[in-house]
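1. predicted model, plus sequence, below.
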There are 2 protein chains.
Amino acid sequence: MSKRQIRLGAFVPGTSQHVAGWRHPQARPQDSHNLKYFIELAKTAERGLFDAYFLADVPVTVDPDTTPDLGLNGTFSAGLEPVSLFSALAAVTEHIGFIATASTTYEAPYNLARKFASLDHLSEGRAAWNVVTTSGSVVSKNYGINDALLPKERYERADEFIEVAQKLWDSWEDDAFEYNKQTGQFFTGEKLHPPRFKGKHLAVHGALNIARPPQGYPVIVQAGQSEDGRELAAKYAEVIFTAQQKLEDAQAFYRDVKSRLIKYGRHADDLKIMPGVSIFVAQTEAEARAKYDELNAYIHPTLGLNLLKQLGGFTEDLSQFDLDQTLPEHLTQAQNGASRQQLILEIARKNNFTIRQLYQWVASARGHWTLIGTPEQIVDQLQAWFENEAADGFNILPPTTPASLDDFVDLVVPELQRRGLFRTAYEGKTLRENLGLKRPENQYVLEKRHTSQAS
Amino acid sequence: MSKRQIRLGAFVPGTSQHVAGWRHPQARPQDSHNLKYFIELAKTAERGLFDAYFLADVPVTVDPDTTPDLGLNGTFSAGLEPVSLFSALAAVTEHIGFIATASTTYEAPYNLARKFASLDHLSEGRAAWNVVTTSGSVVSKNYGINDALLPKERYERADEFIEVAQKLWDSWEDDAFEYNKQTGQFFTGEKLHPPRFKGKHLAVHGALNIARPPQGYPVIVQAGQSEDGRELAAKYAEVIFTAQQKLEDAQAFYRDVKSRLIKYGRHADDLKIMPGVSIFVAQTEAEARAKYDELNAYIHPTLGLNLLKQLGGFTEDLSQFDLDQTLPEHLTQAQNGASRQQLILEIARKNNFTIRQLYQWVASARGHWTLIGTPEQIVDQLQAWFENEAADGFNILPPTTPASLDDFVDLVVPELQRRGLFRTAYEGKTLRENLGLKRPENQYVLEKRHTSQAS
């Protein structure tokens, strides 16, 4: 059996992860809708032997009626739809996988299953679906719905959604299509299985209009941290992206989710846990620190304060305080259940951050783990997490695109390889093969086998 | 002003247009989910200087409970989702446009507008949307809806859908994004326009999360023949695909639709009418005829009869009749309003077709105009329609993929060019430029201009 190695995702939006990353001299925000730019980025990630290119998505953009810092934030404003973009990238890459985010709340299972099956065919088995349940009425109103679903309902719907998506992907057995020119038989009728699904939230009658994906199902990815999110992940997810700051917390999360797999008949290896990590790397620690400071200096104060207020859930207007003092004691936070709120306050107190330092910290990785240092220092940290039940791999968030992605590939990957922690060539042809995940059998074929064994 | 020339669409599914086209020796049905095969096809079409590659789509496949000829029909069974496929093809082609079909009934405007905007960006202005309203409960049940919308409601919804899609594409003015690294201003807030749309069927509150498409809007394509369909086309469509068999009928349709444009403030040139045409071409008429007969001989009789029953709307079981006799007089047809039903009966009577000949005719082009002959004979026909107010161009349906597409490009295109009826090089960079269509102005910019002129 081969040695366990680190898995890597490249979470690389066109306009950078850091809110001011687009202001870096090498950044190319003007190319953020340009396929040729993304081809360059995908080829860099492929040169770095990343398992997959990952993109987040939410069907909403900034709103002039509710966004006080309109026009200052370079992240999440607007961009290409991930499945379409990855379909294009599939045509010009050979190995890298594609993890596209799509919502179980605002898509129909038939449409979503079809487009991910298409991406899996187009890429010859390199597709993955990051399942998100998408909250908030600001999104629901883009779909003519005034009141968004409650978290409980969103997760119920997500559970049904994945179940029926898997049935849709199983509509055709792998060898259903005969293409027999002699007999005129295009496919075998007995190998077609419409889902006939009726759930509480969703119903799908007929079979999917596309052959079974090369990977059986696209790899299922999930990022929920809540109790409902963890349970959904334990049932279905094959990769989890998680935001963890501290080794002990990451270990607790890792053990908790892995221990939940058993009741679903799954093995610990069937799920890869990959915390997000924002990396500033250079040949010396001072240079790495300078890169961090440079990006943070680009953050417009109006933007920084708004971001802090929003992610911290603060109800006060923060611009009334001196930016170069610490946060006042008496601040109140809205109770929306986001685990990042508490974290932000802890970080502020622990580091004795000024408000400016705190918004810089928040803005730089938006609550993700941040590492600043030499390749050796960075890999020491990654290795510690990987070898101590905190991570099976990492989702890399380069603070500025493309410079920080180049840095990671040129500086960190060789150090990972030198220590035998990372591949020196792609092992497999599909994303599942590279991640070390099984190809799921068709559920209707399994059923037939059980029936014939029982009789 | 340049001479008016013929526009061409290539309607080339992976598994062929003719129901038995996949049984042709050169056909590659086993590659019908294979991107590399579609790249070959797109490059052939681009070599032939086609304006656009067109693909139909409907979110349903055959059903074992309702399909008596299960497995015999090679058309419309299963395939790649058109927008995903075209996104991939955009990465490896330079000139050809992409017309993808998508439904106003079973998609949300926000999702549809986003993916078509993405395709337009990915292809640098080569996207088009073929608007279909998608009827029938066999489809609606795939979306958990037991009763499909009535035709009137479908067209009302389609009208609102296109209106709001255009608003979504106009969310950002063309120069909304500044990317000003000096000031930190990513975009100009005043150039962001959320639709705030509330209709009878649809509501969309917020702006689209992607920059305005390079073409302003993707080209709007429509195919409806009904009264509601023609009116919708006159209001919005820039290309119409239509099924016409006879010059006089094609002329009547052409004049009727073009005359409806005026009340929407549109000019006759703003809409290109392109009848579908299935072409069997060879250096001699006998060879062309042999190609036609060869494909028809591949039609499995069970499939032929079912197709005839279905497209003709016949209520009787046709397998009770002698295939080599004409249709009995007393047949009844279900009244579902499809204009092809009457046409099929007329064709049968006029040609004194046997049942086998009739199903062969139906199956070969499914009601589309069929031409069989030498390049000169074919182009004589196309020219007559083009020069006599029956067509601005044609949507070419190659009966078998890839052989009939190769035939068209190698034999018909040179003859069209010799007569000066068709381009010898692409004129423009975008699909709109090649089709000779205007780039629409942003409606909010127009509004501002009117307001400032009025004040």
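-> Everything's here; your move. Residues are numbered from 1 along each chain as shown, chains lettered A, B, ... in the order given.

2. quick check, pLDDT for the nearest residue to A:Val409 once chain neighbours are set aside.
-> Distances taken as Cβ to Cβ, 6 or more residues apart in numbering or on different chains put A:Gly48 closest to A:Val409, at 3.5 Å, once the chain neighbours are dropped. (Glycine included, C-beta is placed from N, CA and C.) Predicted confidence (pLDDT) for A:Gly48: 98.

3. just A:Phe76 next, same as before
-> Listed pLDDT for A:Phe76 reads 66.

4. quick revisit: tell me the contacts of the residue nearest to A:Val409?
-> Neighbour list for A:Gly48: A:Leu8, A:Ala10, A:Leu405, A:Phe408, A:Val409, A:Val413 [criterion: Cβ atoms under 8 Å, 6 or more residues apart in numbering or on different chains].

5. let me see the contact set for the spatially closest residue to A:Ile299 that is not a sequence neighbour.
-> The shortest distance from A:Ile299 to any non-neighbouring residue, by Cβ to Cβ, 6+ apart, is to A:Ala20 (4.5 Å). Applying Cβ under 8 Å, 6+ apart, we find A:Ala20 in contact with A:Gly74, A:Leu295, A:Asn296, A:Tyr298, A:Ile299, A:His300, A:Leu303, A:Ala363, B:Gly184.

6. which of those residues sit farthest apart?
-> Using Cβ to Cβ, the pair of the contacts of A:Ala20 lying farthest apart is A:Gly74 and A:Asn296, separated by 14.0 Å.

7. which of the two has more neighbours?
-> A:Gly74 (29 against 20; other Cβ atoms under 10 Å in any protein chain shown).

8. neighbours of the nearest residue to the more buried one once chain neighbours are set aside, how many?
-> Nearest residue to A:Gly74, sequence neighbours excluded (Cβ to Cβ, 6+ apart): A:Trp22, at 3.7 Å. Per other Cβ under 10 Å, the neighbour tally for A:Trp22 reads 26.

9. what's the next secondary structure element after the strand ranked longest in chain A?
-> As assigned by DSSP state E, the longest strand anywhere in chain A is strand A:272-281. Going down the chain from strand A:272-281, the next helix or strand is helix A:285-297, by DSSP states H and E.

10. contacts (any at all) between chain B and that next one?
-> No: Helix A:285-297 is not in contact with chain B by Cβ under 8 Å from any Cβ of the partner chain; minimum separation 10.9 Å.

11. for the helix or strand that that helix is followed by, buried residues please.
-> Downstream of helix A:285-297, the first helix or strand assigned by DSSP H and E is helix A:301-312. Buried residues in helix A:301-312, counted by 16 or more other Cβ atoms under 10 Å in any protein chain shown: A:Leu303, A:Gly304, A:Leu305, A:Asn306, A:Leu307, A:Leu308, A:Lys309, A:Leu311, A:Gly312.

12. for A:Tyr236, state which of these is nearest.
-> Ranked by distance to A:Tyr236 (Cβ to Cβ), the buried residues of helix A:301-312 are led by A:Leu311 at 27.8 Å.

13. that older thread, the residue nearest to A:Gly74 is in contact with B:Phe186, isn't it?
-> Yes: A:Trp22 lies in contact with B:Phe186 (Cβ atoms under 8 Å); the separation is 6.8 Å.

14. what touches both of those two?
-> By the contact definition Cβ under 8 Å, 6+ apart, A:Trp22 and B:Phe186 are jointly contacted by A:Thr15, A:Pro29, A:Gly74, B:Tyr179.

15. mind listing the strands for the stretch 351-455 of chain A?
-> Assigned by DSSP state E, counting those that start in this stretch, the strands in the stretch 351-455 of chain A fall at A:369-373, A:393-397.
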